[in-house]
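# sequence isn't available, so here's the structure alone:
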């Protein structure tokens, strides 16, 4: 009887939980804000014990605040806070206090709440204390106490001197305390450290408070003095990069554009094969912004076009700036394309607004906008890669492209598909491809211990990670709509090495004999290169494996199934100028090892976390004999540089 | 990760509350305790075996549903700063003294473009058990 009652109780609880969840979803799905508000008010009344109550109150807070209903907003905030245990309110107090201060609502309540946040933060030695002090300073400013605000902000900013938000707040209080020049200098620092466009707008507006005749002179003096103080002690590459960033600020605020151009051009001139992708993009972007500020629009856009394919689709600021530049240059078509490029991976509000404004201006309505955006997204994921057009690189170097991926990894989709595109674009005589599967974020049955060993050897920081020729590491992917971008980024990295001469000559003969893979490899030194730290790596690949994980990719390419001689490879010990290595690998043994792995994954070293194993979606344990390949490469184990690679199909 | 007790000291046989506070960097999220997709690794808390506690009840905050370009359905995640509440029931037999209870939180983090390997964060919860004659604050 007791058991039955317990079961009844559990069923009732589950049912209630499902009801509140459904009601909450229905409420938040309403697009009309008044309807949503009424539905959330009803939810709060109907489900006072629901776990979703804080979210419902948060939603109500936003709705009330947006409509200027101060008392109701405070009431909703109190409701939300009441759902959190007293000692866990540090962050929610801060959140509501700042939100109230932003709107100028109930500042006394905001002050009480932020004091509670600070009290808990001090008691628990929380690292978030400066953020709460920043909020309190802002509330004090809103309460008309700028002296106290500035004083507190100077304490909060210690250790956050390069945080543009802390700096922008400090500038606000300095200005209120009639220290306009200090405020402007602080705003320049905020801009240098990547402040949002609003910082620039405030800076330019505040300049109007200066005496008209001296405005330009003071502006120039403040900007240059501040930028020099931030960069003059730097040396070498850091100095060049800092000057390029200064040039961007100078272009932004219209100061000393000729000097800015010199600095930006100097940075662009340093670009070579050793430059990172980030340097390439930011240096060119800086020069383009300066040229644009000098009204040299076509020249500016000429510098941006080569990097348009390489800039991260998540870099909303770049795409917004590019779109605005095209708009100002009168090229609405390219402006729209720029805004859309920034919207392929995620819906970013500022870009969406800019796109909608331009789209409506050109066509009179927003009809067809979403279809056009869908078309751009499709084109970003299902594009034609083209072909390399040559059978080898100029000097015979075969570049090695390694991808660390996971079938459960959502952001790996864009990189997986970009690697498919690379395999179409390059012949295997120019680019050898290997794809290692690892259990990130979830279990992946194509994982091997050797794959994990390679990942840790490269000090992997997440999936997807791409390593080109052992030297260029590229972290991050995204949904399938970033495929085209990732393809171009990887191509750029490959391009850095493709004109190099191979530091060793490598030939590979591989055959399948009686279900055993036999490889015969000849390594020849080139010139006087001692190849002192070289190791030979040999990987058995399955060119495609059918398996569908959570990320939806159904066919996985160039999957590493086994490495001959482990992930460490075979160290080479040259007696003369050449060395011959012969190895064999029984496919039955490989399959046995795969089965053994799949039977007991948690016992393997690649199972790197504490978690119960609940089974595989499927077990891709059979090797398709007609679909195998071998990749061998010679790698310097100290620098990780790949000296030469070779690929052959079995 | 921080673990704090809601009171400065405890009595044997009493029930007290501890909070595990996780700070998640901007732009990142971890899966909620019971994410919508069973293939995702939910955030979990493990209290090391000890002779001090009879039982521990873990109460996770609700996750936030987020849509990601790479996922077909919204995923329930934690972002920013979250507090996990532990209700600890002390054994009646525990002697007054200083105890340390190791706490481990397993989580798996992703941003919009990168996933990290599942990881475990550890922290110690100090428990100051005092005789019944001493008051609790």
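That came through fine. Quick caveat: nothing in here was measured; it's all calculated off a predicted structure.
# hey, where'd the strands end up in the chain?
In the absence of a named chain, this looks at chain A. Assigned by DSSP state E, chain A shows strands spanning A:399-405, A:431-437, A:465-468, A:472-475, A:504-513, A:516-525, A:534-546, A:555-564, A:570-571, A:578-586, A:628-636, A:642-649.
# not quite, go with chain B.
Under the criterion DSSP E, chain B contains strands at B:2-5, B:15-23, B:29-31, B:44-47, B:53-59, B:64-66, B:75-78, B:81-90, B:97-107, B:109-110, B:119-129.
# which of those sits closest to residue A:175?
Of all the strands of chain B, it is strand B:81-90 that lies closest to residue A:175, at 30.9 Å by CB to CB. In this view, the C-beta of every residue, glycine as well, is placed from N, C-alpha and C.
# just the angle between that closest one and strand B:119-129, please?
Angle of strand B:81-90 versus strand B:119-129, following axes from the mean of the first three to the mean of the last three CA atoms, to 10 degrees, is 40 degrees.
# what is strand B:81-90 packed up against?
Here strand B:81-90 touches helix A:90-103, strand B:15-23, strand B:44-47, strand B:53-59, strand B:97-107, strand B:119-129, going by 3 or more CB pairs under 8 Å, 6 or more residues apart in numbering or on different chains; DSSP states H and E.
# swap in 7 Å and give it another go.
In terms of contacts (3 or more CB pairs under 7 Å, 6 or more residues apart in numbering or on different chains; DSSP states H and E), strand B:81-90 is packed against strand B:15-23, strand B:53-59.
# quick check, the longest one touching chain A?
Looking back up the chat, that one is strand B:15-23. Yes. Against chain A, strand B:15-23 shows contacts by CB under 7 Å from any CB of the partner chain at B:17, B:19.
# distance from the chain centre to that strand, please.
The chain centroid and the centroid of strand B:15-23 are separated by 6 Å under CA atoms, centre = their mean, to the nearest Å.
# export the strands of chain B as TSV, with columns for mean pLDDT.
Formatted as TSV, those follow (pLDDT from 0 to 100):
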stretch	mean pLDDT
strand B:2-5	79
strand B:15-23	89
strand B:29-31	93
strand B:44-47	92
strand B:53-59	91
strand B:64-66	83
strand B:75-78	89
strand B:81-90	90
strand B:97-107	92
strand B:109-110	93
strand B:119-129	89
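# buried ones in stretch B:64-82?
B:64-65, B:68-71, B:75-78, B:81-82 (16 or more other CB atoms under 10 Å in any protein chain shown).
# what comes into contact with that stretch?
A:91, A:128, A:345-346, A:410-411, A:413, A:478-479, A:481, A:551, B:21-24, B:29-32, B:35-37, B:40, B:43, B:61, B:63, B:112 (CB atoms under 7 Å, 6 or more residues apart in numbering or on different chains).
# residue of the stretch 101-250 of chain A closest to chain B, please.
residue A:124 (5.4 Å; CB to the nearest CB).
# which residue, other than its chain neighbours, is closest to that residue?
Nearest non-adjacent residue to residue A:124, counting by CB to CB, 6 or more residues apart in numbering or on different chains: residue B:4, 5.4 Å away.
# so the one you found makes contact with residue B:20?
No. Look at residue B:4 against residue B:20 with CB atoms under 7 Å: they stay out of range, at 8.5 Å.
# what about these two, which has more around it?
residue B:20 (25 against 21; other CB atoms under 10 Å in any protein chain shown).
# and of the strands of chain B, who's closest to residue A:558?
strand B:109-110 (24.1 Å).
# hmm, that closest one touching chain A?
Yes. Counting by CB under 7 Å from any CB, chain A has neighbours in strand B:109-110: residue B:110.
# so, low pLDDT: which residues of the stretch 551-650 of chain A?
Where the stretch 551-650 of chain A drops to pLDDT under 70, the residues are A:609-611.
# that older thread, around the residue of the stretch 101-250 of chain A closest to chain B, how many other residues sit close by?
Neighbours of residue A:124 using other CB under 10 Å come to 17.
# what's the distance between it and residue A:81?
Using CB to CB, to the nearest Å, we find residue A:124 at a distance of 18 Å from residue A:81.
# which residues of chain A lie near chain B?
Checking chain A against chain B by CB under 7 Å from any CB, the hits are A:51-52, A:54-55, A:85, A:87-88, A:91, A:124, A:128, A:314, A:345-346, A:408-411, A:413, A:440-442, A:462-463, A:475-479, A:481, A:550-551, A:608-611.
# sorry, back to before: per-residue pLDDT, the residue of the stretch 101-250 of chain A closest to chain B?
Note for residue A:124: predicted pLDDT of 78.
# quick one, phi psi at it?
phi -100, psi 10 (degrees, to the nearest 10).
# surely it meets residue B:3?
No. Contact criterion CB under 7 Å: residue A:124 and residue B:3 do not qualify, at 9.8 Å.
# which residue, other than its chain neighbours, is closest to residue A:141?
Per CB to CB, 6+ apart, closest to residue A:141 is residue A:149, 3.9 Å.
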